[in-house]
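> Structure here, sequence nowhere to be found:
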């Protein structure tokens, strides 16, 4: 399988803001059919998600909405992956969850 498009663009409506952000994550050096490369992608997604969602707040409040923002960010990345890579990416994500 040839590598996926060069960039995943995540358009997110950050909690507490009225405008969407477009976040780009470069995948040009990754072959998303390989488990190892999906693991690298997951690390990039986590880093970018944490930076993007750090100051997320509920609308009209000072209460943090970081958890929701992180979940929405990850879901959007997964939605944009080619169908053939989604299952493997979910495996990568589940292997990183500490029990």
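That came through, no problem. This structure is a prediction, so every number in the text was calculated from the model and none was measured.
> Which residue ranges of the chain form helices?
Secondary structure of the chain (DSSP state H): helices located at 35-53, 66-80, 83-96.
> what residues are up against residue 75?
Under the criterion of CB atoms under 8 Å, 6 or more residues apart in numbering, residue 75 has no neighbours. Every C-beta, even on glycine, is put in place using the N, C-alpha and C of the backbone.
> Which residues belonging to stretch 44-60 are considered buried?
Using 16 or more other CB atoms under 10 Å as the test for burial, stretch 44-60 gives 45, 48-49, 52-53, 56-57.
> re earlier: could you save the helices of the chain as a markdown table and add columns showing distance to residue 24?
Below are these laid out as a markdown table (distance: least, CB to CB, whole Å):
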| stretch | distance to residue 24 |
| --- | --- |
| helix 35-53 | 9 |
| helix 66-80 | 11 |
| helix 83-96 | 18 |
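> could I get these as a markdown table with mean pLDDT and distance to residue 27?
Formatted as a markdown table, those follow (pLDDT from 0 to 100; distance: least, CB to CB, whole Å):
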| stretch | mean pLDDT | distance to residue 27 |
| --- | --- | --- |
| helix 35-53 | 88 | 6 |
| helix 66-80 | 85 | 10 |
| helix 83-96 | 80 | 10 |
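> ok so, going back, show me which of the buried residues of stretch 44-60 is closest to residue 79.
residue 45 (12.3 Å; CB to CB).
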